[in-house]
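Asks: Could you work out the structure for the sequence below:
(chains A and B)
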Protein chains: 2
Amino acid sequence: MPELRKDPISDRWVIIATERAARPTDFKATPQPIKGGFCPFCKGNEDKTPPEITAIRKGGTKRDEPGWSVRVVPNKFPALQIEGSLGKRGDGIYDLMNGIGAHEVIIETPEHEITMTGLPRNHIASILTTYRDRLVDLKRDQRFVYGLIFKNVGSAAGASLEHTHSQLIATPIVPIIIAREMKNCLNFYNYRGRCIFCDMIVQEKSSETRVIADSGSYLAFAPFAPRFPFECWVLPKEHQTHFENLSNEEADELAGLMKLVLSKIESSLNQPPYNFIIHSTPFDQGKAEHYHWHIEIIPRLTKVAGFEWGTGFYINPVAPESAAEYLREVNGQTNEKGTH
Amino acid sequence: MPELRKDPISDRWVIIATERAARPTDFKATPQPIKGGFCPFCKGNEDKTPPEITAIRKGGTKRDEPGWSVRVVPNKFPALQIEGSLGKRGDGIYDLMNGIGAHEVIIETPEHEITMTGLPRNHIASILTTYRDRLVDLKRDQRFVYGLIFKNVGSAAGASLEHTHSQLIATPIVPIIIAREMKNCLNFYNYRGRCIFCDMIVQEKSSETRVIADSGSYLAFAPFAPRFPFECWVLPKEHQTHFENLSNEEADELAGLMKLVLSKIESSLNQPPYNFIIHSTPFDQGKAEHYHWHIEIIPRLTKVAGFEWGTGFYINPVAPESAAEYLREVNGQTNEKGTH
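Replies: Down below sits the predicted model:
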């Protein structure tokens, strides 16, 4: 059973998941992502993953068989375990609980040789509605207060399998970064009576220097104080608290904007490794006038070193105004059936 | 002039230092550390660095010439600029100030082919007292409230030059990670009336399962909730608030322990990239019953991916009890005039 342990100095929770590595000595070499060879996410290999949780399928096709376009399965090496109770307890000055949670993989297409941006817009929309549907389902589990959706692209961004996929982790505690964001946004709301993201959108639209693209209902911009070169945030222009309230029509528009922005990043920055992460209001906060869901896209062009770990300061050599201008002007090549 | 900008959502300060990269397109490829070839840190090349701030030298040798054993110079590509005023200001909902600070490099030896652990203990002690002396000097500058000492070893840990060195950055604001640690430690102090680190030392010494080494006045242990496999903290067993109060005798003992622990990590984990970072009480807090300086050593054996960025949760596949047992038992090979 994995453990969730809290570091009392930083207030940070850490998952100790020893099932994921056999012995300390296994860490002597850096693991490399599997390239080529057998892929458990390809069509025809459905029996090589744990049993399917859900899928978008052609009529008449069966669970755990080909015929799907988007497929969700439990992670074979989960960071958290779905069965069990939380077992919150202390150990002297320390606090811990059982490592309970859901850890799922969203396989975005049955085809191996394609990236998310190589998929048609309506296919990307069905990935987004799959995220939504999984969150709606997991929200019913009273043990979970948060569902984190994220995607790692490229080995330097942490991807261990090449085949395009995203991940979902549902957790029994609100992740500390989200909790801190909620607190800062609540401070702003208490002082000014408005959502800080809504104010940010007004200021960004008015100056336009950091705007990357605007699809009508969604905005993509480089944040004022980005940690990383070409960091980009995507969010609804109207106040929306929970990603899982996305409608099918909204998913279609958001899919178009995500495809555009990710294509711009991929084609102009030489297919960099990147992550994207959805930040949303916790499950148990029904109404949140002060928090606004958003997607953070982080190309991994710089290394994070001691200075960043030690301070939480980030040194960014590219001003967001330059990054936004560059990304606004480049074309996003959208070769479907991707050439990379 | 670099800028210090605050992200209002996370409260995090970011340094926008565009002098460090020419244009956005320069990021198309990942920069690689310079291997072999010309090294500005080697003896004989003293004129290839900015003028020396201080050095430990043989009697009769001259500034910016050979004859030194430890040498401190300004960083040639500083993240922050030493000259100027803070210029704190707003921009709509955003906050920023001039990127004022000191950014220095501590060149640990004139020899290129040696790592810190390959140096004799008294040489490592003189590196530690150099850290101390630079902090004491920078503390006099009223603009600075914090001095961060850190070391990056290996390209994956962010080192851009191979020749062994550490860095010091003095900043006009308390780094957010330190500020949050101080706050959590103050909460504990207000509740229990004791320093949490002092309590932690009692508990660790009593259980011994996470202890790696004990030199008498200093303890090295794996923290209860480590972010990374083989993460290790080193700290004085008596309550000490500011690293810069280190005596020469203390530096000698600490040097021995650092050499032992880093040698164990290097020899048993196949020379992994690593960082170490000194966490100390801010300059402007003279008395801190609640905070205890410590050194965090972070081997970089796992990749930090979307999940970690998105949540502040870390997934650690090695329990600290196993890591400590492993490191306790391995020998630290201390081949001086290092073989790697």
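
Asks: From here on, just use CA atoms for contacts and neighbour counts.
Replies: Will do.

Asks: Phi and psi next, for A:F150.
Replies: For A:F150, the backbone dihedrals are phi -150, psi 160 (criterion: degrees, to the nearest 10).

Asks: Burial check on the residue nearest to it when sequence neighbours are not counted, number of neighbours?
Replies: Closest residue in space to A:F150, ignoring its immediate chain neighbours: A:I277 at 4.3 Å, by Cα to Cα, 6 or more residues apart in numbering or on different chains. Neighbour count for A:I277, taken as other Cα atoms under 10 Å in any protein chain shown: 24.

Asks: How about the secondary structure of A:I277?
Replies: Following DSSP: H, G, I helix; E, B strand; the rest coil, we place A:I277 in the strand state.

Asks: Can you tell me how far it is from A:R63?
Replies: The gap separating A:I277 from A:R63 is 29 Å, by Cα to Cα, to the nearest Å.

Asks: before we move on, back to that, right, and the residue nearest to A:F150 touches A:S166 too?
Replies: No: proximity of A:I277 to A:S166 does not meet the contact threshold set by Cα atoms under 8 Å, at 9.8 Å.

Asks: Give the residues shared as contacts by the two.
Replies: A:I149, A:F150, A:K151 (Cα atoms under 8 Å, 6 or more residues apart in numbering or on different chains).

Asks: Among these, which one lies nearest to A:S322?
Replies: A:K151 (25.5 Å; Cα to Cα).

Asks: In a strand, the closest one, correct?
Replies: Yes: the assignment for A:K151 by three-state DSSP puts it in a strand.

Asks: Could you find the closest non-adjacent residue to it?
Replies: Counting by Cα to Cα, 6+ apart, the residue nearest A:K151 is A:S166, at 4.4 Å.

Asks: doesn't A:E108 make contact with that neighbour?
Replies: Yes: using Cα under 8 Å, A:S166 is in contact with A:E108, at 7.3 Å.

Asks: who has more neighbours, these two?
Replies: For the pair A:S166 and A:E108, the greater number of neighbours falls to A:E108 (27 against 24), based on other Cα under 10 Å.

Asks: can you map out the helices along chain A?
Replies: Assigned by DSSP state H, chain A shows helices spanning A:121-138, A:176-192, A:196-207, A:248-268, A:306-311, A:320-329.

Asks: Tabulate these (CSV), appending mean pLDDT.
Replies: Formatted as CSV, the helices of chain A follow (pLDDT from 0 to 100):
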stretch, mean pLDDT
helix A:121-138, 98
helix A:176-192, 94
helix A:196-207, 97
helix A:248-268, 96
helix A:306-311, 65
helix A:320-329, 95
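
Asks: got those as CSV, with distance to chain B and mean neighbour count columns?
Replies: As requested, the helices of chain A are exported to CSV (distance: least, Cα to the nearest Cα, whole Å; neighbours: other Cα atoms under 10 Å in any protein chain shown):
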stretch, distance to chain B, mean neighbour count
helix A:121-138, 15, 20
helix A:176-192, 5, 17
helix A:196-207, 7, 17
helix A:248-268, 8, 20
helix A:306-311, 5, 21
helix A:320-329, 6, 20
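
Asks: looking at the ones you listed, which is closest to B:A222?
Replies: Short answer: helix A:306-311, nearest of those by Cα to Cα, at 17.1 Å.

Asks: circling back: pLDDT score for the residue nearest to A:K151?
Replies: pLDDT, A:S166: 96.

Asks: Contacts only, for the closest residue to A:E52 other than its chain neighbours.
Replies: Distances taken as Cα to Cα, 6+ apart place A:V73 nearest to A:E52, at 4.7 Å, with adjacent residues excluded. Counting by Cα under 8 Å, 6+ apart, A:V73 touches A:T49, A:P50, A:P51, A:E52, A:I53, A:T54, A:E104, A:V105, A:I106, A:I107.

Asks: what about 6 Å?
Replies: A:E52, A:I53, A:E104, A:V105 (Cα atoms under 6 Å, 6 or more residues apart in numbering or on different chains).

Asks: Out of those residues, which end up buried?
Replies: Buried by 16 or more other Cα atoms under 10 Å in any protein chain shown: A:E52, A:E104, A:V105, out of the contacts of A:V73.

Asks: Give the residue farthest from the middle of chain A.
Replies: Distance to the chain centre peaks in chain A at A:G92, reaching 35.1 Å (criterion: Cα atoms, centre = their mean).

Asks: what sits against that one?
Replies: A:G92 touches nothing, counting by Cα under 6 Å, 6+ apart.

Asks: Okay, it and B:I201: tell me how far apart.
Replies: 12 Å.

Asks: A:P229 contacts A:V318, doesn't it?
Replies: Yes: under the criterion of Cα atoms under 6 Å, A:P229 is in contact with A:V318, at a separation of 5.3 Å.

Asks: Which one of the two is surrounded by more residues?
Replies: For A:P229 versus A:V318, neighbours defined as other Cα under 10 Å are more numerous around A:V318 (27 against 23).
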